[in-house]
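**Student:** pasting the sequence and the predicted coordinates here, then a few questions.
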Amino acid sequence: MMFCQECQKRPATVHVTRIVNNVKTELHLCQECAKHHEGLAFSFNFEPNFSIHKFLAGLLGGSPLEMAPLQSPGCPNCGLSLARFGEIGRFGCSRCYQAFGDGLEPLLRRLQGASRHAGKVPRRVGGKLGVRREIEKLREELQQAIRQEAYERAAELRDRIRSLEQGLE
């Protein structure tokens, strides 16, 4: 765990990378020190009734009332509904992504042009993320090989997936 470079007491949760005149500097601060740090003038103040549903409706050219109501049985782990997600703007647990995956994919594609992050990834998480993406790609290839009844190729893919998964542990 990385600690704040200013107070040395709390975990660093704000990571800032600056590049000025081709000189790169990194700053790792806790949330408290970041609030008071000179040069970090940013704010995440939303209206008290901020709704991701209203925000997305505005981006998509409709009013929240014109959009179809968000119907979903909810996350089996935490019980959060997609409608509630629209109100609070964040998921209740990590399984929400799987529970609402089918509904999120088209929305993310429309808003961002893709449903996966394609930009830079911090070095401290980049290695594992690359391996996870490779495993996901291999799983898709495995399913395709099984559908095509290419069982030898499927066995090779299965073994490669297992090998990569063991490397993550």
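**Tutor:** Structure received.

**Student:** now do the buried residues in the lengthiest helix in the chain.
**Tutor:** Ranked by residue count under DSSP state H, the longest helix found in the chain is helix 123-147. By neighbour count on 16 or more other Cβ atoms under 10 Å, the buried set for helix 123-147 is I135, L138, E141, L142, A145. C-betas here are computed from N, CA, C, even on glycine.

**Student:** now do stretch 148-167
**Tutor:** A154, L157, R158, I161.

**Student:** can I get the residues you listed in JSON lines with pLDDT?
**Tutor:** Converted to JSON lines, the buried residues of stretch 148-167 look like this (pLDDT from 0 to 100):
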{"residue": "A154", "pLDDT": "94"}
{"residue": "L157", "pLDDT": "95"}
{"residue": "R158", "pLDDT": "95"}
{"residue": "I161", "pLDDT": "93"}
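
**Student:** please flag which of these sit within helices.
**Tutor:** Using DSSP H, A154, L157, R158, I161 are the members of the buried residues of stretch 148-167 that sit in helices.

**Student:** quick one: contacts of the longest helix of the chain?
**Tutor:** By Cβ atoms under 8 Å, 6 or more residues apart in numbering, the surrounding residues in contact with helix 123-147 are V121, Y151, R153, A154, L157, R158, R160, I161, L164, E165, G167, L168.
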